[in-house]
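Trainee: The following block contains a protein sequence and its predicted model.
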Amino acid sequence: MSQQIQVSGLDAYYGRHKAIEDISMTIEPNTITAFIGPSGCGKSTFLRTLNRMHEVIPGARVEGKVLLDGEDLYGPGVEPVSVRRMIGMVFQRPNPFPTMSIYENVAAGLRLNGRRSKSEVDGIVETSLKGANLWNEVKDRLGKPGAGLSGGQQQRLCIARAIAVRPEVLLMDEPCSALDPISTLAIEDLMAELKSKFTIIIVTHNMQQAARVSDRTAFFNLAGQGQPGRVIEMDDTSRIFTNPSQKATEDYITGRFG
Amino acid sequence: MAATVHTRDGGSALGRSASRRSRGETPFRYASTGAGILLLAIMAAIAVFLVVEAIPALRANTGGFFTTQTWEPNATRPSFGIAALAFGTVFSALLALIMAVPVAVGVALFISHYAPRRLAGVLGYVVDLLAAVPSVVYGLWGITFLAPFMVGPSNFLHDHLGFIPLFGGDIVAGRSVLTASLVLAVMILPIIAAISREVFLQVPRAHEEAALALGATRWEVIRMAVLPYGRPGVISAAMLGLGRAMGETIAVALIFQATFDISLRILTPQGNSIAANIANRFGEATQTGRGALIASGLVLFVITLLVNMGARLIVARRKEFSGAAA
């Protein structure tokens, strides 16, 4: 179901500013990969290149290759729209559509993929909300506005919305940074469950979180102000947090800088 | 709170700063309250003046004010009614709204979401400029250019769709309700487009990105995130435009044929509105005639008020889905 992601020689720019440089990595299916590193080092930028969301910013562009199951997402004739339908995304701040009900929010992506019968949509909404561990909390008020939920519920609603279209990969850009510890735990538990169906990539500033949930960890850093961000080291999470091969990684995870 | 602090010297630091703040606070509060009261007083004075002026004329009226379809207040037995005028006002304004809103929303979407930044700036400026053209210029344009020009299309509509009452009738003319409504549509387009553009630009980036990340095309982003978010604003803009169209005077006074029928035919030589009637009749009006016109102005005022209240109701109806909470 999930597919391997191979990135090679990827650079991303904002206008003339090079934000990330020469990033190459392989991400195996059904794993959770965490991106850690100081602010402004290009983790989120890199994440957004993986579903072609980077280029929606005026002046932004990408060079290099991202292969999903061998096919280049930046190849000629590849529509960004179809890439984004295969690679879902959850944002830092929960962003349910405020004009839609809980039900409509989850069904929003399905509507884009053509007409479906009511019962089919009902079924997918239910499985998606169950998949996001939100069903029991909202099943009696599916018609209520999504914006009326708590922050943690809203974020799980956004996860349900993302998984409803059955993507191959789920990108999560600091999904818990706006949430309280209990909601954070709920989302972390959810990630562990979702791993069986999706490949998950998460950007986080919380190193305990990276250590708890991820299989692999990539450490990003930049040489200095205005320099592009790079991947310093990528390895199994257990190794990164116990025995990193790079001094910079060790300094960062032990809190000596960043 | 600060009112309990009287000492200016030797008081606590907090007390001193509080009293200093309240020195600027009090005049400002009186000034703003005064401005508010003044506004209400002016409104009340206008209302009282209108009612006082209108009553003698209404007493002298031998016809029913709300039902009569003539305007003869200067006759020895004055007979005048608002029916045809009120209908013409609302009908022509609604037609204008139906034509203007889709175009205005399209222009606003183009400026806010499709046009390259530089073009968007120029276009926004042109739209604003359109709003600055005096209404008499629109009227002259309507009567000298648009009215003759509309004869052709009107005949076409009449020939092919004449079975619909809207396009029916015996004679087709350039100076018709359709022409007047078109001019009104052009006149209210800038305000609707400008407000809609502002509303569309305020759609949070996060909502648009949410739609994009689901694999939405640009049009789908607009349908999913932009239009629903902007809906209350667009409705308010449309109602503002409707108000303007109903109150518009000189442009329609030039175009309308000043008839007194209630008719849905938009191609025939007829049409009138309250404001146009006031402009056309005020010069020749006697004492009673002036009172009658003022009474019609009161009716226009009430209609505008109702329209605004209706708009507020529509906007408030789905408030919990408005996005104000997010």
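Mentor: Sure thing, it's come through. Numbers count the residues shown, from 1 in each chain, chains lettered A, B, ... in the order given.
Trainee: Nearest the geometric middle of the chain, what residue?
Mentor: Answering for chain A, as no chain was given. The residue lying closest to the centre of chain A (C-alpha atoms, centre = their mean) is A:Leu171, at 1.7 Å.
Trainee: Oops, wrong one, chain B.
Mentor: Nearest to chain B centroid, counting by C-alpha atoms, centre = their mean: B:Gly243, 2.2 Å.
Trainee: Pretty sure B:Gly310 is one of the things that residue touches, is it not?
Mentor: No: applying C-beta atoms under 8 Å, one finds B:Gly243 not in contact with B:Gly310, separated by 11.1 Å. No exception for glycine: its C-beta is placed from N, CA and C like everyone else's.
Trainee: Now do the contacts for B:Phe80.
Mentor: B:61, B:63, B:65, B:68, B:70-73, B:292 (C-beta atoms under 8 Å, 6 or more residues apart in numbering or on different chains).
Trainee: if you set the cut-off to 7 Å instead, what comes out?
Mentor: Contacts for B:Phe80 (C-beta atoms under 7 Å, 6 or more residues apart in numbering or on different chains) come out as B:61, B:63, B:68, B:70-73, B:292.
Trainee: How about A:Leu149?
Mentor: A:Leu157.
Trainee: Show me the shaky parts of the chain.
Mentor: Answering for chain A, as no chain was given. Per-residue confidence for chain A (pLDDT under 70) gives these ranges: A:1-2, A:257-258.
Trainee: Can you look at chain B instead?
Mentor: B:1-22, B:318-326.
Trainee: Would you map the helices across it?
Mentor: B:13-60, B:83-109, B:117-132, B:135-141, B:147-161, B:177-201, B:205-213, B:218-221, B:227-247, B:250-255, B:274-281, B:287-317 (DSSP state H).
Trainee: next one: the stretch 151-258 of chain A
Mentor: In the stretch 151-258 of chain A, the helices defined using DSSP state H, counting those that start in this stretch lie at A:151-164, A:181-194, A:207-213, A:237-242, A:247-253.
Trainee: Could you dump the ones you listed into CSV with mean neighbour count added?
Mentor: Converted to CSV, the helices of the stretch 151-258 of chain A look like this (neighbours: other C-beta atoms under 10 Å in any protein chain shown):
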stretch, mean neighbour count
helix A:151-164, 25
helix A:181-194, 16
helix A:207-213, 19
helix A:237-242, 17
helix A:247-253, 17
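Trainee: Chain B is nearest to which of those helices?
Mentor: helix A:151-164 (7.1 Å; C-beta to the nearest C-beta).
Trainee: From the contact counts, what lies against that closest one?
Mentor: Counting contacts by 3 or more C-beta pairs under 7 Å, 6 or more residues apart in numbering or on different chains; DSSP states H and E, helix A:151-164 is packed against strand A:87-90, helix A:102-112, helix A:118-131, helix A:181-194.
Trainee: Next secondary structure after the third one?
Mentor: Think helix A:118-131. As assigned by DSSP states H and E, the chain's next helix or strand after helix A:118-131 is helix A:135-138.
Trainee: what residues are up against the nearest residue to the residue nearest to the centre of chain B once chain neighbours are set aside?
Mentor: Spatial nearest neighbour of B:Gly243, chain neighbours left out: B:Thr304 (5.1 Å); criterion: C-beta to C-beta, 6 or more residues apart in numbering or on different chains. Shown in contact with B:Thr304 (C-beta under 7 Å, 6+ apart): B:243, B:246-247.
Trainee: Among the contacts of B:Phe80, which are located in strands?
Mentor: B:71-72 (DSSP state E).
Trainee: Residue 82: how many residues sit nearby?
Mentor: Since you didn't name a chain, this refers to chain A. For A:Ser82, the neighbour count with other C-beta atoms under 10 Å in any protein chain shown is 12.
Trainee: actually chain B
Mentor: Neighbours of B:Ile82 (other C-beta under 10 Å): 24.
Trainee: Please tell me how far it sits from B:Ala57.
Mentor: B:Ile82 sits 12 Å away from B:Ala57, going by C-beta to C-beta, to the nearest Å.
Trainee: now swap in A:Gly59 and tell me
Mentor: 66 Å.
Trainee: then stretch B:130-144 to CSV, C-alphas only?
Mentor: Taking C-alpha atoms only, stretch B:130-144 is exported to CSV below (Å, rounded to 0.1, in the frame of the first residue of the first chain):
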residue,chain,number,x,y,z
LEU,B,130,-15.2,53.3,-11.7
ALA,B,131,-16.7,54.1,-8.3
ALA,B,132,-15.5,57.7,-8.5
VAL,B,133,-17.4,58.5,-11.8
PRO,B,134,-20.3,61.0,-10.9
SER,B,135,-23.7,59.4,-11.4
VAL,B,136,-24.9,62.0,-13.9
VAL,B,137,-22.1,60.9,-16.2
TYR,B,138,-23.4,57.3,-16.0
GLY,B,139,-26.9,58.7,-16.7
LEU,B,140,-25.7,60.6,-19.8
TRP,B,141,-23.8,57.6,-21.0
GLY,B,142,-26.9,55.5,-20.5
ILE,B,143,-29.2,57.8,-22.5
THR,B,144,-26.8,58.8,-25.3
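Trainee: Check which residues of it are buried.
Mentor: B:130, B:135, B:138-139, B:141-143 (16 or more other C-beta atoms under 10 Å in any protein chain shown).
Trainee: coming back round to it: report the beta-bridge partners for the residue nearest to the centre of chain A.
Mentor: A:Met89, A:Ile201 (DSSP bridges).
Trainee: picking that back up, give me the buried entries from the contacts of B:Phe80.
Mentor: Here, 16+ other C-beta under 10 Å leaves B:61, B:63, B:68, B:71-73, B:292 buried among the contacts of B:Phe80.
Trainee: Turn these into TSV, columns for distance to B:Gly271.
Mentor: Listed next are the buried ones among the contacts of B:Phe80 as TSV, based on distance: C-beta to C-beta, whole Å:
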residue	distance to B:Gly271
B:Asn61	23
B:Gly63	21
B:Thr68	18
B:Trp71	14
B:Glu72	19
B:Pro73	20
B:Ala292	20
